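Trainee: fold the following and give me the result.
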Amino acid sequence: MSDTLLTDLHVRYIQNLGKNKDDLTYHMTAHLRMNAVYWGLTALCIMKHKDALDAEETIEYVMSCWDDEAGAHESPLLPQPPSPAHKATTQLQEKGAFGAHPGHDAHILSTLSAIQVLATHEALSRMNVPRAVDFILGLQQPSGVFAGDAFGETDTRFIYCAVSALSLLSALDRLDRARTVSYLASCRNFDGGFGRVAGSESHAAQVWVCTAALAILDRLDVVDVPTLGWWLAERQLPSGGLNGRPEKLEDVCYSYWVLSSMAILNKLTWIDSSALTRFILSAQDPEGGGIADRPGDMVDVFHTVFGVAGLSLLGYPGLDDLDPVYCMPASLIERMGLKRSWKALPRREA
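Mentor: Next up, the predicted model:
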């Protein structure tokens, strides 16, 4: 077990991801490819190695995932255009978004990841912003929740994706804020947390998407800060790691989901930061790089980025600041004029 962050190994691990296209795992994870590009790039940015992946190659891959027919697949669960003629003449022209991999249908999850990658490389001008904005806005339901795509699944995750993406694209003024905030408020539970939909159990990942979305919308007044802060602090286990809900195992990814919400609420001092740091570092692979969900398990890029992100919020030395509202480099979000109120722990000296 290493007691330091193995930065060079993690950088090489990320650089090698996706190179072996003959590997079965490569094809089985195609539905997560765009997310993985964002996870890898963000981890590299936090570790101050943004240039470890070729920027133009990354941008070209993202643009190859553009779905020019996004929204063309109608569902009775989504608002319909007034007539078939309207659909034929305007819908294919007005909407566009990103799929997870070339040839995949557009989805709000992969669309946000694509926007985050392009924004990180200051390449948002390469995409058709108006069409993507129309795609996102077209997914909002009468209740205020958002669907992930034209087939209708709804979830508070998709609200965050919509709010974050519209903010990054300077189109937040087109969002129906009242309906959005009303739905988020309906998902708040007695313990201060938030669930996937109204009435569902509080979960740390859902807490973050709801809290971060409300932060972007300048509506943190909806959050019961003391109660939620207590619930988040209760996620720490004797191992030092955090779980996502009561009676579950610790997992490195919650180092981000929990800490980011606590940073937004200015409650990071409510947990044992030293114990959590040790837990994250113990989940590293000292031979091949990468971080796993917990010590001894297989690493993956998902837990790598959120482990490194957690360390950044904990003030681990040698890392760049991460904005816990957008999960993007803090310096970039500040340059874009999008910084909201949050507070990480002070950066420690090496």
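Trainee: drop to CA atoms for contacts and neighbour counts, all remaining ones
Mentor: Noted.
Trainee: the residue nearest to residue 272 when sequence neighbours are not counted: neighbour count?
Mentor: Using C-alpha to C-alpha, 6 or more residues apart in numbering and skipping the chain neighbours, the partner closest in space to residue 272 is residue 240 (7.3 Å). Residues near residue 240, counting by other C-alpha atoms under 10 Å, number 19.
Trainee: wasn't residue 240 part of a strand?
Mentor: No. Using DSSP: H, G, I helix; E, B strand; the rest coil, the assignment for residue 240 is coil, not a strand.
Trainee: so it makes contact with residue 281?
Mentor: No. The pair residue 240 / residue 281 is not scored as a contact, 11.1 Å apart, by C-alpha atoms under 8 Å.
Trainee: measure the residue nearest to residue 272 to residue 256 for me?
Mentor: Using C-alpha to C-alpha, to the nearest Å, residue 240 is found at 14 Å from residue 256.
Trainee: what does the helix or strand hosting residue 180 contact?
Mentor: Following DSSP states H and E, one finds residue 180 within helix 177-186. Contacting residues not belonging to helix 177-186 are listed as 142-145, 156, 159, 198-199, 210, 214, 217, 219, 222 [C-alpha atoms under 8 Å, 6 or more residues apart in numbering].
Trainee: keeping just the C-alphas, turn that helix into CSV.
Mentor: This file holds the C-alpha atoms of helix 177-186, laid out as CSV (Å, rounded to 0.1, in the frame of the first residue of the first chain):
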residue,chain,number,x,y,z
ARG,A,177,-36.0,27.4,-13.6
ALA,A,178,-39.2,27.3,-11.5
ARG,A,179,-40.2,23.9,-12.7
THR,A,180,-36.7,22.5,-12.4
VAL,A,181,-36.2,23.8,-8.8
SER,A,182,-39.7,22.6,-7.8
TYR,A,183,-38.9,19.0,-8.9
LEU,A,184,-35.6,19.0,-7.1
ALA,A,185,-37.3,20.2,-4.0
SER,A,186,-39.8,17.4,-4.3
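Trainee: for residue 233, state which of the contacts of helix 177-186 is nearest.
Mentor: residue 210 (17.4 Å; C-alpha to C-alpha).
Trainee: contact partners for that closest one?
Mentor: Taking C-alpha under 8 Å, 6+ apart as the test, what residue 210 contacts is 156, 157, 159, 160, 184, 194.
Trainee: surely residue 311 is in contact with residue 278?
Mentor: No. Look at residue 311 against residue 278 with C-alpha under 8 Å: they stay out of range, at 9.9 Å.
Trainee: and the two? Which one has more around it.
Mentor: residue 311 (28 against 18).
Trainee: what about residue 51, neighbour count?
Mentor: Count around residue 51 with other C-alpha under 10 Å applied: 10.
Trainee: typo on my end, residue 287
Mentor: 9.
Trainee: what do you get for residue 203?
Mentor: For residue 203, using other C-alpha under 10 Å, the count is 19.
Trainee: so it makes contact with residue 245?
Mentor: Yes. Proximity of residue 203 to residue 245 meets the contact threshold set by C-alpha under 8 Å, at 5.4 Å.
Trainee: now render the contacts of residue 210 as JSON lines, adding secondary structure, neighbour count and pLDDT.
Mentor: Formatted as JSON lines, the contacts of residue 210 follow (DSSP: H, G, I helix; E, B strand; the rest coil; neighbours: other C-alpha atoms under 10 Å; pLDDT from 0 to 100):
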{"residue": "156", "secondary structure": "helix", "neighbour count": "28", "pLDDT": "98"}
{"residue": "157", "secondary structure": "helix", "neighbour count": "24", "pLDDT": "98"}
{"residue": "159", "secondary structure": "helix", "neighbour count": "27", "pLDDT": "99"}
{"residue": "160", "secondary structure": "helix", "neighbour count": "29", "pLDDT": "99"}
{"residue": "184", "secondary structure": "helix", "neighbour count": "26", "pLDDT": "99"}
{"residue": "194", "secondary structure": "strand", "neighbour count": "30", "pLDDT": "99"}
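Trainee: ranges for the helices of the stretch 1-150 of the chain?
Mentor: 7-16, 24-28, 33-46, 55-64, 84-86, 92-94, 108-120, 129-137 (DSSP state H, counting those that start in this stretch).
Trainee: list the contacts of the last one.
Mentor: Same thing as helix 129-137. 70-71, 93-97, 108, 162, 166, 169, 171, 174-175.
Trainee: weed out the non-buried ones from those.
Mentor: The neighbour-count test (16 or more other C-alpha atoms under 10 Å) marks 70, 71, 94, 95, 96, 97, 108, 162, 166, 169, 171, 175 as buried among the contacts of helix 129-137.
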